[in-house]
Every structure is written in C-alpha cells, then in structure tokens.
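> sequence and predicted structure are below.
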Amino acid sequence: MGSSVERFCLLLMGIALVIVAVRVFQEAKENSKQKAFVREIMLLVLSGSVTTFIVTDTGLRFLYRHFGLYGMRGVVCAVVIGLGVGAHYWKRMNQSSYGICEVIFGSLSGIFITFSLSLDTPLMSQWVGLGGSAYIIARGLNNVFEAKEKKNLSAIQDSL
C-alpha cells in the first residue's frame, strides 16, 4: 500500500477521525438535536475510509479493473462530490469539530508532502500543496475560533 510515511499518515488520520467522532458523540448525548448529526459524522468517517481506499494505488487499480478508466474516474468524482456535500452539512451542524478536523487534515497533508520532498527534483506542485496545507490549517483554526465566539454570544444572549 505505499510507503511507511503514507501508512503512518493514514493511521494518524484514522485516529483523528475516531477522536472527532467520539467528541461529537459525547456532545450528542447532551443535545438530542445532534443525534442525527452523529449519524452524518459516522457516514463521513465511512466515506473518508472509502476515499482513503480509492486514493491509494491499490484502490485505483481495483476500480480500474472493475469499472474501466472512465468508470474509475466517475467513482472518484462521485466520492469527492459526496465528501464536499457531507463536509458542508458537518460544518453547519458543528463548526468546532469541523475546524479541528481541518487542522488535523492540513497538518497530516503537510507532513506527508514534506516527507515526499526530493532534494534532486522539488516539484512546484509539492510547494503549492504545502501552501494549501497551511491555508487549511488557518481556515480550521478560524472555524474553531468562530464556533467559540458564536457559543459565547449565544450564552450572553441567553443570560439577558
């Protein structure tokens, strides 16, 4: 399945998804409105696992063998669009955990790209990827901060 760095990053990503899912589940116990949200998170974790399988060389070869070139591309596109839609709803329901996951994803992406840098032939795409990772981390921290502000504002309004 790839290098040991890839396996290490996938392991860290899996652990991070479990931590976020546990945190969201604990919040759902306190608020019955979020029970449906927990189901969405579990679907997101499942789709993340499917995506991880697809983006590995083994997954792409499997899809190519069973669906052909255009079928493989169609499945990858459908998964990406599905993840985007799911992420949109996740952010609307729980901006804080979404931000935490963005920070984790951005960090792991940066680590993976950094360990794949070559001194002989550094690629522009790798530097763009590192810049994108930094942006995702900043955006995630901003989402966490905004969620805390909204919570504090709500608490102030409730006390009035």
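Thanks, I have the structure now. Numbers count the residues shown, from 1 in each chain.
> who does the host helix or strand of Ile137 touch, helix- and strand-wise?
In this assignment (DSSP states H and E), Ile137 forms part of helix 124-159. The helices and strands touching helix 124-159, judged by 3 or more Cβ pairs under 8 Å, 6 or more residues apart in numbering; DSSP states H and E, are helix 95-115. C-beta here means a position set from N, CA and C on the backbone, and glycine is covered the same way.
> helices or strands up against the helix it packs on?
Here helix 95-115 touches helix 4-30, helix 57-93, helix 124-159, going by 3+ Cβ pairs under 8 Å, 6+ apart.
> closest to Ile111 out of those?
Closest approach to Ile111 among these (Cβ to Cβ): helix 4-30, 6.3 Å.
> picking that back up, now the helix holding Ile137 and helix 95-115, what's the angle there?
Helix 124-159 runs at 160 degrees relative to helix 95-115, counting by axes from the mean of the first three to the mean of the last three Cα atoms, to 10 degrees.
> list the buried ones in helix 124-159?
Judged by neighbour count (16 or more other Cβ atoms under 10 Å), helix 124-159 contains these buried residues: 129, 133, 136-137, 140, 143-144, 147.
> tell me the mean pLDDT for that helix?
Mean per-residue pLDDT for helix 124-159: 89.
> for Leu117, which three-state class applies?
At Leu117 the chain is in coil, as set by DSSP: H, G, I helix; E, B strand; the rest coil.
> can you list the weak-confidence ranges in this protein?
By pLDDT under 70, the low-scoring segments of the chain are 1-57, 122.
> care to break it down by domain?
Using automatic domain parsing, the domain parsing of the chain gives 1-93, 94-160.
> thinking again about what came up before, which of the buried residues of helix 124-159 lies closest to Thr121?
Distances from Thr121 to the buried residues of helix 124-159, taken by Cβ to Cβ, are shortest for Gly129, at 14.9 Å.
> need the contact list for the residue nearest to Asn143 when sequence neighbours are not counted.
In this structure, Asn143 finds its nearest non-sequential neighbour in Gly99, 3.1 Å apart by Cβ to Cβ, 6 or more residues apart in numbering. Residues in contact with Gly99 (Cβ atoms under 8 Å, 6 or more residues apart in numbering) are 139-147.
> farthest-apart pair in those residues, please.
Arg139 and Ala147 (12.7 Å).
> before we move on, back to that, angle of the helix holding Ile137 against helix 57-93?
Going by the same axes, to 10 degrees, helix 124-159 makes 30 degrees with helix 57-93.
> I'm done for today, thanks for sticking with me.
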